[in-house]
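>>> The amino acid sequence is not available; the structure is as follows:
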């Protein structure tokens, strides 16, 4: 039995302010000297980057669709070791899950972790109607434990006085409208933490307008948890895998990186934008924003280094932006040469080409994915890929678009590129590390 104080910050809907309030709560608790372990419900990469910057601890995704319920519990318990409290930011509205179901909703994760929920309510334009909204959310699922609410976008002291006396649940705060601290967005969501670090500034607003001591008390009432999976130990390092991490490639699930380490990899972080390919046995290229740095990627030495390494048989795995970088060209305002490893050309578009959860099965035996294995993940991209007629694919999707009509995982040599941001199974991590280890012995 493990006791971890924890709280889920949920929203009535997307855009109600839960990201800024979650980040502000994290910042305020860190300012008090607490070790805060952050989490994000769902497959998002951007909000966790802000959490990590604020808390100084890697934010983790909790997503039952990709991880399973036991996987969520395992990640939670592993990540919270040494933490004073866990703050879990929800996704969309509290009850919004896959295809209108409960699966992978914030409520689903709150039940898995037996964690109290704090509901963020956008009170702009409402007074008495707020109570009907809150009561509806509270009673919709009797299995959830509600700690309280935070009322956001309060217009004035009078606005607060019209709401406060009739509340049927404790309020942890009344947050005034604060437009000057807004974080800019673009086509894939908010800007990353390394581009806009002001999420932490909301800590001052939370400290001034929230009852943090009461929130901490609610988090401390969460009951003990029973580990779902035995604790793992890392084996000896047997290979080096380069992980592209810079302004162009920055979308990674922390669990994926940890599973590579667990399988025996030493991870070497490098920048395809700013330097050569390091001395490694394999490469992992995550997603991100290569489309914003096309001229630099084209002129970088790493592009040719990677092509030569792939020709020599080095295992390379790329996701979304990494897939595009491995292709022949990317067309945006004009056409830019990329690595030329995968037989395809990418084109940026103004409309979303793929968005949502992905599930499929690996096919054949000529890729890094072991054949016959289930693959789960997520896709979100404003680009499309035109592959050659004789292109080979490693994944057949039962859910999701992929590269071409439900086929994903373009294969060439020992290189695999997917639009899917996969949540790594232990089997895939071990397969990738095995391939890197074999290459190192050549």
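All right, it came through fine. All values reported here derive from a predicted model rather than from experimental measurement.
>>> What residues of stretch 398-409 count as buried?
399, 400, 401, 402, 403, 404, 406, 407, 408, 409 (16 or more other CB atoms under 10 Å). Quick note: C-beta positions are derived from backbone N, CA and C, even for glycine.
>>> Serialize the residues you listed to TSV and add fields for distance to residue 358.
Converted to TSV, these look like this (distance: CB to CB, whole Å):
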residue	distance to residue 358
399	6
400	3
401	8
402	7
403	11
404	14
406	10
407	12
408	7
409	11
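>>> Cross those against strands and list the overlap.
Among the buried residues of stretch 398-409, the ones falling in strands (DSSP state E) are 399, 407, 408, 409.
>>> if we can go back for a sec, please render the buried residues of stretch 398-409 as a markdown table that adds distance to residue 353 and pLDDT to the earlier fields.
Formatted as a markdown table, the buried residues of stretch 398-409 follow (distance: CB to CB, whole Å; pLDDT from 0 to 100):
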| residue | distance to residue 353 | pLDDT |
| --- | --- | --- |
| 399 | 16 | 98 |
| 400 | 12 | 97 |
| 401 | 7 | 96 |
| 402 | 10 | 97 |
| 403 | 10 | 97 |
| 404 | 11 | 94 |
| 406 | 14 | 96 |
| 407 | 14 | 96 |
| 408 | 13 | 97 |
| 409 | 17 | 95 |
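>>> What's the local residue count around residue 170?
15 (other CB atoms under 10 Å).
>>> So for it, what's the pLDDT?
For residue 170, the pLDDT comes out at 96.
>>> now residue 346: how far from residue 389?
Distance, residue 346 to residue 389, by CB to CB, to the nearest Å: 17 Å.
>>> more crowded one of the two?
A direct count of neighbours by other CB under 10 Å for residue 346 and residue 389 places residue 346 higher, at 27 against 5.
>>> For the more buried one, name its beta-bridge partners.
Beta-bridge partners recorded for residue 346 (DSSP bridges): residue 330, residue 385.
>>> Please list all residues in contact with it.
Taking CB atoms under 8 Å, 6 or more residues apart in numbering, we find residue 346 in contact with 323, 324, 327, 329, 330, 331, 338, 383, 384, 385, 386.
>>> returning to what we had before: reformat the ones in strands among the buried residues of stretch 398-409 as CSV; add distance to residue 286.
Formatted as CSV, those follow (distance: CB to CB, whole Å):
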residue, distance to residue 286
399, 21
407, 21
408, 16
409, 15
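>>> nearest to residue 304, of those residues?
Nearest to residue 304 among these is residue 409, at 24.5 Å by CB to CB.
>>> Name all residues that make contact with the nearest residue to that closest one once chain neighbours are set aside.
For residue 409, ignoring the flanking residues on the chain, the nearest one in space by CB to CB, 6 or more residues apart in numbering is residue 394 at 3.2 Å. Going by CB under 8 Å, 6+ apart, residue 394 touches 362-364, 366-369, 408-411, 416, 418.
>>> And for residue 38?
22, 26, 48, 51-52, 54-55, 57, 59-60, 86-89.
>>> bridging residues for it?
If you apply DSSP bridges, the partners that residue 38 bridges to are residue 87.
>>> Can you pull the domain assignment for the protein?
6-220, 239-440 (automatic domain parsing).
>>> Out of those domains, which is closest to residue 227?
Comparing the domains of the chain by CB to CB, domain 6-220 comes nearest, at 5.5 Å.
>>> Endpoint to endpoint, the closest one covers what distance?
Start-to-end span of domain 6-220 (CA to CA, to the nearest Å) is 7 Å.
>>> Quick one: mean pLDDT for stretch 137-149?
On average, stretch 137-149 scores 96.
>>> my bad, stretch 174-183
73.
>>> cool, stretch 67-81 as well?
Computed over stretch 67-81, the mean pLDDT rounds to 96.
>>> in it, what's buried?
67, 71, 72, 73, 74, 75, 76, 77, 79, 80.
>>> repeat for stretch 131-147
Buried-residue list, stretch 131-147, by 16+ other CB under 10 Å: 131, 133, 134, 137, 138, 141, 144, 145, 146, 147.
>>> and these, which two are the farthest apart?
Farthest apart among the buried residues of stretch 131-147 by CB to CB are 131 and 145. That separation is 19.7 Å.
>>> so where do the helices sit in the protein?
Secondary structure of the chain by DSSP state H: the helices cover 18-31, 46-55, 64-79, 106-113, 129-140, 157-163, 202-209, 212-220, 254-262, 294-299, 301-311, 321-326, 426-440.
>>> quick one: which of the ones you listed is nearest residue 172?
Of all those, helix 212-220 comes closest under CB to CB, at 4.9 Å.
>>> Which residues belonging to that closest one are considered buried?
Here helix 212-220 shows 212, 215, 216, 218, 219 as buried, counting by 16+ other CB under 10 Å.
>>> Name the helix or strand of the protein that has the lowest mean pLDDT.
strand 185-186 (a mean of 46; mean pLDDT, DSSP states H and E).
>>> Walking through the stretch 151-300 of the chain, point out its strands one by one.
Taking DSSP state E, counting those that start in this stretch as the test, the strands found in the stretch 151-300 of the chain are 171-176, 185-186, 189-190, 239-244, 249-251, 265-270, 282-285, 287-288.
>>> For residue 280, see how far away residue 269 is.
Counting by CB to CB, the gap from residue 269 to residue 280 is 10 Å.
>>> joint contacts of these two?
residue 242.
>>> Looking at those two, which one has more neighbours?
residue 280 (22 against 11).
>>> Distance check, the more buried one against residue 393.
26 Å.
>>> Was I right to think residue 59 contacts residue 39?
Yes. Contact criterion CB atoms under 8 Å: residue 59 and residue 39 qualify, at 6.4 Å.
>>> quick one: common contacting residues for those two?
Joint contacts of residue 59 and residue 39 (CB under 8 Å, 6+ apart) are residue 51.
>>> what bridges to the nearest residue to residue 149 once chain neighbours are set aside?
Nearest residue to residue 149, sequence neighbours excluded (CB to CB, 6+ apart): residue 119, at 4.8 Å. With DSSP bridges as the criterion, residue 119 is bridged to residue 10, residue 149.
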